[in-house]
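Novice: Pasting a predicted model and its sequence here:
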Amino acid sequence: MHPPLLTSAALEQIEGITHGFTTRQGGVSFGQQALNLSYRGDDTPANVAENRRRVAQALGADTILSVHQVHSNRILEAKTLPAQAWQQPHDMNALPQADGLWSQEPGHCLGVMAADCCPVLIADRRCARIGAAHAGWKGAVGGVLRHLVAAMVAAGSQPQDLVAALGPTIAWDSYEVSPEFPDPLLALDARNQRFFKPSPAGNGHHMFNLPGFIQAELESLGLGKVDNLNQDTLSQAERFFSYRHARQNGLPDFGRMMGVIHLQPRQA
C-alpha cells in the first residue's frame with residue numbers, strides 16, 4: 001500500500017516528474033503506522049528503510065537520495081553523492097552535509113526532510129531538471145533557495161521556467177519567536193518587517209511567517225510559479241510531524257517527513 005502524499009497542482013502539470021510531500025501516516029514506525037523517514041532518533045533502521053521504500057515506490061523510483069541536513073545553504077548535484085546515498089544509510093553522518101540537491105539525471109529521486117521547516121521542491125517545466133531544498137529559518141535567511149535556483153540556472157534553466165512548491169510548514173500563527181529574532185532579517189532588508197506580527201501572548205515576542213518569507217524569496221528570484229500548499233504542521237500534529245509540538249508536549253522523539261521529487265527515466 002502506498003502512503004498518502006500531498007501534491008502541488010503546479011508541479012503536477014509538468015510532464016516527466018512525480019513528486020509528493022509525505023504526512024505522518026502510511027508507515028510502520030513507533031507502533032502507530034507512522035511514516036518516519038529519518039534514520040536519526042528512536043526509530044529502527046529497518047522501519048525507516050521500509051518507509052522510504054514505500055515512498056519511493058509510490059513515485060515510481062528505486063531509492064530516495066538525501067543528504068545530512070545541517071541548516072546550511074549548501075547545494076549539491078545528486079550525481080556527486082557517495083555510494084552510501086543510494087544504499088539508504090543508517091548513519092546519516094556518512095553523508096555529505098548540505099540542505100539541497102538538484103539533478104538532471106533521469107531516474108534520480110531527491111528527498112529533503114522536515115518537521116516544521118519547509119520542504120521546497122522545484123522543477124523546470126521546459127527541460128528535465130529538478131531540485132529540492134530544506135528551508136528552516138536559518139537556511140532561508142542564509143540563502144539556501146537562492147543557491148538552489150542559481151545551481152539550476154547555471155546548469156541551463158531559465159528562472160521563469162522554474163516551478164516551486166512549498167510543502168507542510170509551521171505557519172505564521174503557530175511560529176512564535178523571541179524579541180530579538182527579527183533583527184538579522186531586518187538588517188538584511190527592512191521590508192522583512194512584513195513577515196512579523198506581535199505575539200497574541202503580549203510578551204514582546206513575535207509571530208514569524210516562515211512560508212511567506214520563503215515564497216517572497218522565490219518570487220524575487222523570478223520563478224515562473226510558486227505554489228504554497230498552506231498546511232500548518234504545528235496545528236495538525238495528528239497529521240504531520242512537528243518538532244515544536246514535540247518540544248511543547250515533552251515528547252521524547254518525533255519523526256520527520258519528506259518532500260520528494262522524481263525525474264522519471266526516459267522512455268525507450
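Specialist: Looks like it came in fine.
Novice: how about low-confidence regions in the protein?
Specialist: Along the chain, the parts satisfying pLDDT under 70 run over 88-90, 267-268.
Novice: try 80
Specialist: 1, 84-93, 252-254, 266-268 (pLDDT under 80).
Novice: Can I get the top helix by length along it as PDB, trimmed to CA atoms?
Specialist: Determined from DSSP state H, the single longest helix within the chain is helix 45-58. Taking C-alpha atoms only, helix 45-58 is exported to PDB below (Å, rounded to 0.1, in the frame of the first residue of the first chain):
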ATOM      1  CA  PRO A  45      16.800   1.400  10.700                       C
ATOM      2  CA  ALA A  46      14.500  -1.400   9.400                       C
ATOM      3  CA  ASN A  47      11.400   0.800   9.900                       C
ATOM      4  CA  VAL A  48      12.900   3.800   8.200                       C
ATOM      5  CA  ALA A  49      14.100   1.700   5.200                       C
ATOM      6  CA  GLU A  50      10.600   0.300   4.800                       C
ATOM      7  CA  ASN A  51       9.000   3.700   5.000                       C
ATOM      8  CA  ARG A  52      11.500   5.100   2.400                       C
ATOM      9  CA  ARG A  53      10.800   2.100   0.200                       C
ATOM     10  CA  ARG A  54       7.100   2.800   0.200                       C
ATOM     11  CA  VAL A  55       7.500   6.500  -0.700                       C
ATOM     12  CA  ALA A  56      10.000   5.700  -3.500                       C
ATOM     13  CA  GLN A  57       7.700   3.100  -4.900                       C
ATOM     14  CA  ALA A  58       4.700   5.500  -4.800                       C
END
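Novice: name the helices or strands packed onto it?
Specialist: strand 17-22, strand 25-29, strand 109-114, strand 257-263 (3 or more Cβ pairs under 8 Å, 6 or more residues apart in numbering; DSSP states H and E). Every C-beta, even on glycine, is put in place using the N, C-alpha and C of the backbone.
Novice: partners of the first one in the sheet?
Specialist: What that stands for is strand 17-22. Sheet pairing for strand 17-22, assigned by DSSP bridges, gives strand 5-6 (antiparallel), strand 257-263 (antiparallel).
Novice: Save those strands as TSV, and put in distance to Lys197 and mean neighbour count too.
Specialist: Formatted as TSV, the strands paired with strand 17-22 follow (distance: least, Cβ to Cβ, whole Å; neighbours: other Cβ atoms under 10 Å):
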stretch	distance to Lys197	mean neighbour count
strand 5-6	27	18
strand 257-263	27	28
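Novice: Any idea which of those gets closest to Asp62?
Specialist: Closest to Asp62 of these is strand 257-263 (Cβ to Cβ; 9.6 Å).
Novice: relative orientation of that closest one and helix 45-58 in degrees?
Specialist: Going by axes from the mean of the first three to the mean of the last three Cα atoms, to 10 degrees, strand 257-263 is angled at 40 degrees with respect to helix 45-58.
Novice: Now do strand 257-263 against strand 109-114, angle only.
Specialist: Interaxial angle, strand 257-263 versus strand 109-114 (the same axes, to 10 degrees): 160 degrees.
Novice: starting at the chain centroid, how far to strand 257-263?
Specialist: Relative to its chain's centre, strand 257-263 lies at 8 Å (Cα atoms, centre = their mean, to the nearest Å).
Novice: Please save the CA atoms from it in PDB.
Specialist: Taking C-alpha atoms only, strand 257-263 is exported to PDB below (Å, rounded to 0.1, in the frame of the first residue of the first chain):
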ATOM      1  CA  MET A 257       8.500  14.000   6.800                       C
ATOM      2  CA  MET A 258       9.900  14.500   3.300                       C
ATOM      3  CA  GLY A 259       9.400  16.500   0.200                       C
ATOM      4  CA  VAL A 260      10.300  14.100  -2.700                       C
ATOM      5  CA  ILE A 261      10.700  14.700  -6.400                       C
ATOM      6  CA  HIS A 262      11.500  12.100  -9.000                       C
ATOM      7  CA  LEU A 263      12.800  12.700 -12.500                       C
END
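Novice: Can you lay out the helices and strands packed on helix 45-58 as TSV showing distance to Asp232?
Specialist: Listed next are the helices and strands packed on helix 45-58 as TSV, based on distance: least, Cβ to Cβ, whole Å:
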stretch	distance to Asp232
strand 17-22	13
strand 25-29	16
strand 109-114	13
strand 257-263	13
